[in-house]
Every structure is written in structure tokens, then in C-alpha cells.
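Chemist: just need the structure, nothing else, for what follows:
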Amino acid sequence: MRNKILDDFGAAIGTGTLTIYSGTPPASADAALSSNTALVVHTLAGFAAASNGSMSANAVADAAIAASGTASFARIVSGTYVEQLAVGTSGTPVVVNSTTYTQGGNSQIVSITLTKGA
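Modeler: Below you'll find the model as predicted:
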């Protein structure tokens, strides 16, 4: 059941955008941004089929960094769907090569993994 939920969610958000922000993450994806800076926007290329309650994004193309700052969270947006995820260099749903973003540089996504508990 959890794989089906993830697969349906992946189909809904699979070609959305992933925006990485600096600042304190809002309490939820439904909460408004507050003094957060959008550092970079990536376009997603779908998700692989879920297995054991986990699914990973297909490879995400690098993107030009629009503003400088320290990445702290990301939002995936596709239509009315919004998912908020932690960003880090390991152990987070969105793994990046560095959380230090410099305007004009390149943002690289190492992985995006979504999980659903039993």
C-alpha cells in the first residue's frame, strides 16, 4: 500500500520544480515563506517506482544558482501539490553536494528520496 501511495505521489509531482531555500523552514509545506530566499530552481525528471516504502527521483539536471546563501530546505511544487523537504549533504531527503550556494555557481542534486512509513 505504501509503495502505491508513493508511486501516485511521484506521478503527481514528478515533473514539478524543486526550489531550494535558505532560512528557517516554515512549520509545514502549507505555511507561507517568511524571509526565506529562493537560491535555485531545478526541474524534476520523474521518480523511479517505489520499493519498500521509498522512492528516488530520476537524475536531476544541474541548475544555475540565482542567489547566495545556505540551503536549509526545499519545496517540490507541481500544480496544487507542495512537499517540503530538508536539504543537506547526507541523511536528508534532498542531498546536495554543498549547502553553501554562491550566485552564478552551479547547484548539483546528489539525490532526492521520499519515504512512507509502514
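Chemist: chain center to the longest strand along the chain: distance?
Modeler: The residue-count maximum for a strand in the chain (DSSP state E) belongs to strand 69-78. In terms of CA atoms, centre = their mean, to the nearest Å, the centre of strand 69-78 is found 6 Å from the chain centre.
Chemist: the following helix or strand past it pairs with which strands, and in what direction?
Modeler: Counting by DSSP states H and E, the next helix or strand C-terminal to strand 69-78 is strand 81-88. Sheet neighbours of strand 81-88, with direction, are listed as strand 69-78 (antiparallel), strand 94-96 (parallel) (DSSP bridges).
Chemist: span of stretch 47-64 from start to end?
Modeler: Distance across stretch 47-64, first residue to last, is 22 Å (CA to CA, to the nearest Å).
Chemist: and the strands in this structure?
Modeler: Secondary structure of the chain (DSSP E): strands at 17-22, 37-43, 54-56, 63-64, 69-78, 81-88, 94-96, 100-101, 106-107, 109-115.
Chemist: any chance of JSON lines for these, columns mean neighbour count and distance to Ser28?
Modeler: The way it works is simple: take the backbone N, C-alpha and C, and place the C-beta from them, glycine included. Below are the strands of the chain laid out as JSON lines (neighbours: other CB atoms under 10 Å; distance: least, CB to CB, whole Å):
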{"stretch": "strand 17-22", "mean neighbour count": "21", "distance to Ser28": "14"}
{"stretch": "strand 37-43", "mean neighbour count": "19", "distance to Ser28": "18"}
{"stretch": "strand 54-56", "mean neighbour count": "17", "distance to Ser28": "21"}
{"stretch": "strand 63-64", "mean neighbour count": "15", "distance to Ser28": "25"}
{"stretch": "strand 69-78", "mean neighbour count": "21", "distance to Ser28": "11"}
{"stretch": "strand 81-88", "mean neighbour count": "16", "distance to Ser28": "7"}
{"stretch": "strand 94-96", "mean neighbour count": "21", "distance to Ser28": "16"}
{"stretch": "strand 100-101", "mean neighbour count": "16", "distance to Ser28": "24"}
{"stretch": "strand 106-107", "mean neighbour count": "18", "distance to Ser28": "24"}
{"stretch": "strand 109-115", "mean neighbour count": "17", "distance to Ser28": "16"}
